[in-house]
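> test case, fold it:
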Amino acid sequence: MLTILLVVLAALFVAGVLYYNRLIRSRNRVATAWSDIDVQLQRRHDLVPRLVEAVSQYANYEKATLEAVATLRAEAMRVTDVGLRGELEERLANGVGRLIALAEEYPDLKANENFLDLQNQLVETENYLQFARRYYNGSVRDYNTMTESVPSNIVASLFGFEPRPFFQKSSDDVANVPLVNLGSVE
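Predicted coordinates for the structure are as follows:
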């Protein structure tokens with residue numbers, strides 16, 4: 001009887017260690033995925049002032065739009081809460097989209113090589129951000145499933161593993177990509 005009890009306790013201990021290690025791996029995957037998102041968000045934040053400057057040289061009367069985008073960028077850079085940051089980043093992407101739409105009204109700006117390069121870099125960044133967001137949300141889904149399902153939830157609660165928030169858009173849009181016309185410039 002004692003042998004059976006010891007075998008059961010050893011099996012429970014081994015299972016607990018295995019679940020703990022899986023939770024650690026999953027939590028680290030979430031942290032790495034967030035880091036990938038953060039890199040792309042920083043890249044976007046670095047491009048925004050250059051875009052604002054390029055547009056402001058041509059569209060002085062659009063000052064309110066330019067200031068709103070600059071303000072959103074500053075707010076988004078300060079926020080650390082994933083949910084709130086997602087909302088601010090969506091508003092920033094919409095503001096960047098409005099800035100790029102302004103270019104349609106200024107043929108000289110549309111033809112400006114620097115502006116076109118910024119536009120291409122933003123599109124590329126938004127695409128990378130979309131992929132990073134999908135990977136992050138998949139990692140969070142897997143991690144949260146482990147923290148909420150039996151028997152791994154027992155180990156998770158014992159060691160303080162908490163569910164993580166998803167980084168998602170508040171709208172039903174498929175992607176957080178500003179509308180950009182990359183057609184030929186006359």
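
> what ranges do the helices span in this protein?
Along the chain, counting by DSSP state H, helices occupy 2-56, 63-78, 82-103, 107-111, 113-148, 152-158.

> which other helices and strands does the least confident helix or strand in the chain by mean pLDDT contact?
Least confident helix or strand of the chain, by mean pLDDT, DSSP states H and E, is helix 107-111 with a mean of 75. When contacts are defined as 3 or more CB pairs under 8 Å, 6 or more residues apart in numbering; DSSP states H and E, helix 107-111 packs onto helix 82-103. All C-beta atoms are positioned from the backbone trio N, CA, C, and that covers glycine.

> report the distance from the helix it packs on to the chain centre.
12 Å (CA atoms, centre = their mean, to the nearest Å).

> what of stretch 56-75?
Averaging C-alpha positions (CA atoms, centre = their mean) puts stretch 56-75 23 Å from its chain's average.

> what residues does it touch?
With contact meaning CB atoms under 8 Å, 6 or more residues apart in numbering, stretch 56-75 is reached by 45, 48-49, 51-52, 55, 88, 91-92, 95-96, 98-99, 102-103, 105-106, 108-109.

> among the residues you listed, name the buried ones.
Buried members of the contacts of stretch 56-75, counted by 16 or more other CB atoms under 10 Å: 45, 48, 51-52, 55, 88, 91-92, 95-96, 98-99, 102-103, 106, 109.

> could you work out the most separated pair of those residues?
Greatest spacing in the buried ones among the contacts of stretch 56-75, by CB to CB: Leu88 and Tyr106 (27.5 Å).

> can you verify my assumption that Tyr20 contacts Ser157?
No - between Tyr20 and Ser157 there is no contact under CB atoms under 8 Å: 11.8 Å.

> neighbour count for the two, which is higher?
Tyr20 (16 against 12; other CB atoms under 10 Å).
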